[in-house]
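**Student:** Take this sequence and fold it.
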Amino acid sequence: MAKRATAIRRTWTADEARVLLDRWDESGESGASFARSIGVVPQRLFWWRKRLERPRAGASGGVRKSATFAPVEVRPAALVALCVPVVVTTPGGVRIEVGEVDASTAAWVVAVLGGEGRS
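**Tutor:** Down below sits the predicted model:
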């Protein structure tokens with residue numbers, strides 16, 4: 001049976017916590033396993049990690065990133081798409097002209113009329 005490490009003293013300084021968090025990262029152990037090996041409860045490691053704002057290295061070896069807020073503006077596609085004029089001339093000579101429609105609607109009109117795309 002492996003010998004247990006002696007318990008770490010009750011109060012840690014930030015520097016001592018950093019050293020232990022580094023050792024924990026290098027060990028690859030779970031928080032519970034590492035805490036048990038140094039004689040503390042796992043919550044203490046997590047508390048210090050949060051207090052020092054240190055993400056733990058993940059299983060893939062990368063560092064977990066903290067979530068950040070990135071504001072975005074979501075607009076309907078019709079407002080974002082380019083507006084174009086549509087002109088349709090029937091075989092009988094009737095001309096239908098619409099000043100502005102979104103690009104997807106213009107493409108639909110062209111497809112319905114046979115894809116000629118002539119004005």
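
**Student:** per the record, what domains does the chain have?
**Tutor:** According to automatic domain parsing, the chain is divided into the following domains: 14-51, 77-112.

**Student:** right, and the ones you listed - which one's nearest T68?
**Tutor:** Proximity to T68 (CB to CB) singles out domain 14-51 among these, at 16.4 Å. For every residue, glycine as well, the C-beta is placed using N, CA and C.

**Student:** residues of the closest one that come out buried?
**Tutor:** For domain 14-51, the buried set under the neighbour-count rule, 16 or more other CB atoms under 10 Å, comprises 17, 20-21, 24-25, 31, 34-35, 38, 40, 44-45, 48-49.

**Student:** Next, format those residues as a markdown table and append distance to L113.
**Tutor:** Below are the buried residues of domain 14-51 laid out as a markdown table (distance: CB to CB, whole Å):
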| residue | distance to L113 |
| --- | --- |
| A17 | 72 |
| L20 | 73 |
| L21 | 68 |
| W24 | 68 |
| D25 | 65 |
| G31 | 66 |
| F34 | 70 |
| A35 | 72 |
| I38 | 76 |
| V40 | 76 |
| R44 | 73 |
| L45 | 69 |
| W48 | 69 |
| R49 | 64 |
